[in-house]
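K.L.:
my questions concern the predicted model and sequence given below.
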Amino acid sequence: MGEQRVKSPKKILITDRLSESAELYLNQFPFLHVKKSGSLLPTHEELLEIHALLIRSRTKIDSVLLEKARNLQVIVTCTSGFDHIDLSAAQKWGVTVMHTPEANVQSAAELTIMHLLLAARKWKKSQVILESGVWKREHVIGVELRGKKLGLVGLGRIGKKVADLAKSFGLSLSACDPYVDDMHFDQLGIKRRSLEEIFCSSDFVSLHVPRTKKTKNMIHRSLFEMAPPHLILINASRGETVNEKDLIDALQKGIIAGACLDVFASEPLPTDSPLLAMDSVHLTPHIGANTEDAFEKSSHQGALQLVEFFQDGSTSSLLPPRASWYFDEI
């Protein structure tokens with residue numbers, strides 16, 4: 001009886017941060033050989049031998065990289081977004097791509113609510129006054145959220161979670177999303193509105209859309225001009241969805257009252273951006289998914305997806321997404 005042939009382990013390359021517990025989980029499987037790259041971009045030698053890439057958004061996947069990785073079977077990005085991956089090129093080379101869209105939902109939604117509260121209580125103006133050494137509480141008059149109108153642009157995973165959290169504050173909700181049917185609006189107790197109606201009738205507008213050809217610069221001057229002057233815009237989705245020049249102009253002219261931004265047209269935000277000097281603007285450096293919890297969840301989900309793929313070929317959260325909004329882009 002001949003010797004049974006032992007299969008060589010599949011070689012996995014990790015190019016970015018992964019939680020220690022997720023790495024330990026991967027290392028317990030004898031059919032996997034796990035290696036951490038010394039940089040965000042794999043070397044030519046690493047690409048020649050790997051079967052899987054475990055990445056985050058700082059590792060860019062393009063046709064040049066894929067052409068070198070002739071043994072690559074699967075890429076898992078431990079992120080919700082996938083702008084950093086050329087999906088057409090991956091399909092051309094027969095590489096399976098997956099992501100972890102559920103991992104950061106709670107964290108991103110909570111950041112949106114944080115911005116909403118900061119804007120309502122004029123936190124930045126409070127800080128400026130406090131740091132000036134002059135105690136002028138009467139110059140900081142905020143608003144309660146109960147009874148105010150929040151318009152959501154996009155009612156996907158994060159938009160729905162924001163709606164759920166916002167209800168506890170007594171906000172009146174409306175949303176626009178052409179890819180969500182009326183039944184879901186009714187189940188969520190949210191009024192369907194057009195984008196123009198959202199801007200005309202809201203006290204706060206929060207954006208929760210992916211970056212696509214249709215959403216690029218979808219928020220622009222004409223929408224700001226039809227909005228009430230007390231409107232606050234919140235964007236924790238993608239910077240390119242807002243025409244930043246139009247937004248700055250609207251803020252400088254007092255067409256709208258303020259903005260809360262976690263994402264920008266150009267990142268990192270240029271140090272000479274007028275947004276930095278505005279008391280009515282609250283800024284964070286693209287930290288929607290930056291919590292210990294989201295990091296752990298995305299790490300473990302990515303690790304699990306790789307294990308299942310090499311165990312029995314199972315896949316989940318495949319890219320391109322099986323969603324009508326994505327196929328409208330093709």
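P.N.:
Thanks, I have the structure now.
K.L.:
quick one: the helices in the chain?
P.N.:
Counting by DSSP state H, one finds helices in the chain at the ranges 20-27, 44-49, 63-68, 87-92, 105-120, 123-132, 157-167, 182-188, 195-201, 221-226, 244-252, 292-312, 324-327.
K.L.:
other residues contacting the fourth one?
P.N.:
Helix 87-92 is touched from outside by 61-63, 66, 75, 96-97, 319-320, with contacts defined as C-beta atoms under 8 Å, 6 or more residues apart in numbering. Any C-beta I mention is one placed from the backbone N, CA and C, and that applies to glycine too.
K.L.:
please repeat the previous calculation with a cut-off of 7 Å.
P.N.:
61-63, 66, 75, 97, 319-320 (C-beta atoms under 7 Å, 6 or more residues apart in numbering).
K.L.:
now swap in the third one and tell me
P.N.:
Residues outside helix 63-68 that contact it (C-beta under 7 Å, 6+ apart) are 44, 47-48, 72, 86, 89-90, 93, 95.
K.L.:
out of the residues you listed, flag the one nearest to Cys260.
P.N.:
Asp86 (31.8 Å; C-beta to C-beta).
K.L.:
quick check: domain ranges of the protein?
P.N.:
10-103+292-327, 105-283 (automatic domain parsing).
K.L.:
can I get those in JSON lines with mean pLDDT and mean neighbour count?
P.N.:
Converted to JSON lines, the domains of the chain look like this (pLDDT from 0 to 100; neighbours: other C-beta atoms under 10 Å):
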{"stretch": "domain 10-103+292-327", "mean pLDDT": "96", "mean neighbour count": "17"}
{"stretch": "domain 105-283", "mean pLDDT": "96", "mean neighbour count": "18"}
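K.L.:
on that earlier part again, to Pro274, which of the helices of the chain lies closest?
P.N.:
Closest approach to Pro274 among the helices of the chain is made by helix 244-252 (5.2 Å; C-beta to C-beta).
K.L.:
in the contacts of helix 63-68, find the pair that's most separated.
P.N.:
Farthest apart among the contacts of helix 63-68 by C-beta to C-beta are Leu48 and Asp86. That separation is 19.6 Å.
K.L.:
thought Asn104 was touching Cys78?
P.N.:
No: Asn104 is beyond contact range of Cys78, at 9.6 Å (criterion: C-beta atoms under 7 Å).
K.L.:
if we can go back for a sec, okay if I get the contacts of helix 63-68 as TSV plus distance to Ser168?
P.N.:
TSV is the format used below for the contacts of helix 63-68 (distance: C-beta to C-beta, whole Å):
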residue	distance to Ser168
His44	53
Leu47	48
Leu48	53
Leu72	45
Asp86	41
Ala89	44
Ala90	41
Trp93	47
Val95	43
